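got a structure for you, letters missing:
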């Protein structure tokens, strides 16, 4: 009887520990964490090695990031999300990153808006867009659509 109680208690502790571990790792991905995965790192390095004059925070995917979302483009699934050098510079410099679930492809759109743009001026009309990773038209549209989800982008 004591043996059964002990087993039940041990099982409950193990299950409780598993639930806590799942809660701590809720499956959310952020662009600034992607390079910790060797496969994503390799995909991203393929993107940046062909580019010139990229800021360090873009090359290293370092900075302030929000949660990435799963989206489908042309039958393939991607994690897509924004990255900024800092939270304060997000209105003028941001990167929208897309990586495939199979970890073989990565794309991005670097968006730069002139600093000091008056609030009554649309950032959309004054922004420079630079696509990384040679995305096709469908992927470019997906990256632009993700940018439009930002309520401060008009």
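Received, thanks. A quick note: this is a predicted structure, and the numbers were derived from the prediction, not measured. Numbers count the residues shown, from 1 in each chain.

who touches stretch 30-46?
60-68, 81-83, 95, 97, 99-100, 103-106, 133 (C-beta atoms under 8 Å, 6 or more residues apart in numbering). For glycine as for every other residue, the C-beta is placed from the backbone atoms N, C-alpha and C.

kindly report the same for stretch 107-115.
With C-beta under 8 Å, 6+ apart as the criterion, stretch 107-115 contacts 47, 54, 58, 91-99, 123, 126-135, 139-140, 143-144, 147.

next step: those restricted to strands.
Of the positions in the contacts of stretch 107-115, 93-99, 128-132 sit in strands, assigned by DSSP state E.

filter those down to the buried ones.
93-99, 131-132 (16 or more other C-beta atoms under 10 Å).

just give me the closest of those to residue 118.
residue 93 (17.7 Å; C-beta to C-beta).

I figured that closest one hits residue 87, correct?
No - because the distance of 11.5 Å does not satisfy C-beta atoms under 8 Å, residue 93 is recorded as not touching residue 87.

check what pLDDT residue 25 gets.
At residue 25, the model reports a pLDDT of 36.

all helices for this structure, in order.
2-24, 38-48, 56-59, 123-126, 137-148 (DSSP state H).

quick check: the gap between residue 146 and residue 73.
Using C-beta to C-beta, to the nearest Å, residue 146 is found at 11 Å from residue 73.

shared neighbours, these two?
The contact sets of residue 146 and residue 73 overlap at residue 98 (C-beta under 8 Å, 6+ apart).

about what we covered before: of all the ones in strands among the contacts of stretch 107-115, which two lie farthest apart?
Among the ones in strands among the contacts of stretch 107-115, the pair separated by the greatest distance (C-beta to C-beta) is 99 and 128, at 23.0 Å.

which of the buried ones among the ones in strands among the contacts of stretch 107-115 has the weakest pLDDT?
In this model, the minimum pLDDT among these belongs to residue 93 (92).

list the contacts of that one.
So residue 93 contacts 55, 84-85, 110-113 (C-beta under 8 Å, 6+ apart).

who does it bridge with?
Note on residue 93: beta-bridge partners residue 112, judged by DSSP bridges.
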